[in-house]
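>>> Sequence plus predicted model, see below.
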Amino acid sequence: MAEAEAMYRRALEGYEKAWGPEHKSTLRTVHNLGVLYADQGKMAEAEAMYRRALEGYEKGWGPEHTSTLGTVHNLGVLYTDQGKMAEAEAMYRRVLEGREKAWGPEHTSTLDTVNNLGVLYKDQGKMAEAEA
C-alpha cells in the first residue's frame, strides 16, 4: 500500500504541475487516493480526497456527470463505513437519481446504488425500505 500511495502522490504532483489541480487526470488521481485511503481505513484522508475530487468534477463537468456521481457514490460508501447513515443516504439518493437519469433504472451501476441503499436501510432496521 505504501508503494501505491507513493505512485499516486508522484502522479498527482506531476499532473498538478503539468495540467493544474482541476484537470481530469489530476482529479482521477485524487479520487484514486481516496479509494486507497478508504481501503487503508484512513477515513479522514479518504473523505478529504473524495471531497476535493467531487468539487473539481462538479466545477468542471457538473453535478450529474457520471464521474461526479462515481465520487458521490464512494462518499456514500465511506459514510456507511463510518456509521454516518443520514449522510450516506443523501449521497446514495443523489447518485441513484443521477444514474437513473444518465443510464436508466436497469443499468448495473444504477443497480449497485439501489443495492447499497437496500443494505443501508437494512442496517438501520428499515425493512420495508430495504425490501423495496
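The structure has been received and is ready for your questions.

>>> Output the worst-scoring helix or strand of the chain on mean pLDDT as CSV, restricted to C-alpha atoms.
When each helix and strand of the chain is scored by mean pLDDT, DSSP states H and E, helix 127-131 comes last, with a mean of 87. C-alpha atoms of helix 127-131 as CSV (Å, rounded to 0.1, in the frame of the first residue of the first chain):
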residue,chain,number,x,y,z
MET,A,127,-37.0,-3.3,6.4
ALA,A,128,-39.9,-2.0,4.2
GLU,A,129,-37.5,0.4,2.5
ALA,A,130,-34.8,-2.2,2.2
GLU,A,131,-37.2,-4.7,0.6
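
>>> contacts for it?
Under the criterion C-beta atoms under 8 Å, 6 or more residues apart in numbering, residues 117-119, 121-122 lie in contact with helix 127-131. (C-beta placed from N, C-alpha, C; glycine too.)

>>> For the residues you listed, pick the one with the most neighbours.
Neighbour counts for these (other C-beta atoms under 10 Å) peak at Leu117, which has 21 neighbours.

>>> Give me the contacts around the host helix or strand of it.
Per DSSP states H and E: Leu117 is located in helix 108-123. With C-beta under 8 Å, 6+ apart as the test, helix 108-123 has contacts from 66, 73, 76-77, 80, 85, 88-89, 92-93, 95-96, 99-100, 103-104, 127, 129-131.

>>> Show the average pLDDT along it.
For helix 108-123, mean pLDDT is 92.

>>> Now find how far off-centre that helix is within its chain.
Between the centre of helix 108-123 and the centre of its chain there are 14 Å (C-alpha atoms, centre = their mean, to the nearest Å).

>>> So which residues of this structure form helices?
Using DSSP state H, the helices of the chain run over residues 2-19, 24-39, 43-61, 66-81, 85-103, 108-123, 127-131.

>>> Which of those has the lowest mean pLDDT?
The stretch with the lowest average pLDDT out of the helices of the chain is helix 127-131, scoring a mean of 87.

>>> Dump stretch 39-59 to PDB, restricted to CA.
C-alpha atoms of stretch 39-59 as PDB (Å, rounded to 0.1, in the frame of the first residue of the first chain):
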ATOM      1  CA  ASP A  39      -9.000   0.700   1.900                       C
ATOM      2  CA  GLN A  40      -6.400   1.500   4.500                       C
ATOM      3  CA  GLY A  41      -9.000   2.700   7.000                       C
ATOM      4  CA  LYS A  42      -7.800   6.300   6.800                       C
ATOM      5  CA  MET A  43     -11.300   7.700   6.700                       C
ATOM      6  CA  ALA A  44     -10.500  11.400   7.200                       C
ATOM      7  CA  GLU A  45      -7.900  11.300   4.400                       C
ATOM      8  CA  ALA A  46     -10.200   9.400   2.100                       C
ATOM      9  CA  GLU A  47     -13.000  11.900   2.700                       C
ATOM     10  CA  ALA A  48     -10.700  14.800   2.000                       C
ATOM     11  CA  MET A  49      -9.600  13.300  -1.300                       C
ATOM     12  CA  TYR A  50     -13.200  12.500  -2.300                       C
ATOM     13  CA  ARG A  51     -14.400  16.000  -1.400                       C
ATOM     14  CA  ARG A  52     -11.500  17.500  -3.400                       C
ATOM     15  CA  ALA A  53     -12.300  15.300  -6.500                       C
ATOM     16  CA  LEU A  54     -16.000  16.000  -6.100                       C
ATOM     17  CA  GLU A  55     -15.500  19.800  -6.000                       C
ATOM     18  CA  GLY A  56     -13.400  19.600  -9.200                       C
ATOM     19  CA  TYR A  57     -15.800  17.300 -11.000                       C
ATOM     20  CA  GLU A  58     -18.800  19.500 -10.100                       C
ATOM     21  CA  LYS A  59     -17.000  22.600 -11.300                       C
END
